[in-house]
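> Need the 3D shape of this:
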Amino acid sequence: MKRLIPFVIIGLIAAGAGAETIAAQDEPPIFQPANEVDLNVLLWKKRPVVVFADSDFDPAFIEQMELLEQHQDELRIRDVIVLTDTDPQARGAMRLKLRPRGFMLAILGKDGRVKLRKPFPWDVREISRSIDKMPERRREIRERKEIQGNIIQ
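Have a look, this model is predicted:
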C-alpha cells in the first residue's frame, strides 16, 4: 500500500496540470476590445488591465501591447484580461469611467476598482508585482499553497 501512495500523488498532480491546460484552452482570449466587455461580468473572476490610447499607432500603445503579448502566461496565472480602447471618439463605457488622456494603463482589481494608473508603458514584471501585492491575490496564493500542502500530506 505504501508503494502506491507516491504513484497516486503523482497521478493527482498530473491530472491537476492537465485540468489547468484544458481550462486555459476553454477561457476567453486574454486580449479583448474594451467596448465588447461588461465589467460587471468580470467581477471577482478577472483582473482587467485596460490599455488606452488615442490611436492604434500610438508608439506607447504599440510598446505596451508588445510587452503584454510576450508574457501572456504570467498574466493568465493572475487571472488578467487585457482590454484595449484606441478610439476616443467612440466614448465607450470604460473610457467614460476611467477618463484617460492619451495613453494610459489602468490595473483594476477583481472588485472592479482601479488599483493603479500609469501614463507610460509598464513591463509585465512590474504589473505582476503590483497585482501580487493586492490582498485578493495574496489570499489566492495562500489558498493554493494550502491545497498543495494537503495533496502532499
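
> So which residue is smack in the middle of this protein?
Ranked by distance to the mean C-alpha position of the chain (C-alpha atoms, centre = their mean), the top residue is residue 80 at 0.9 Å.

> Can you classify residue 116 as helix, strand or coil?
What DSSP: H, G, I helix; E, B strand; the rest coil gives for residue 116 is strand.

> just checking, it touches residue 106?
Yes: between residue 116 and residue 106 a contact is recorded at 7.1 Å, counting by C-beta atoms under 8 Å. C-beta coordinates here come from the backbone N, C-alpha and C atoms, glycine included.

> next SSE after the helix or strand bottoming out on mean pLDDT in the chain?
Sorting the helices and strands of the chain by mean pLDDT, DSSP states H and E puts helix 4-26 at the bottom, at a mean of 46. Following helix 4-26 in sequence order, the next helix or strand is strand 31-33 (DSSP states H and E).

> Quick one: distance of that following strand to the chain centre.
In this view, strand 31-33 has its centroid 12 Å away from the chain centroid, taken as C-alpha atoms, centre = their mean, to the nearest Å.
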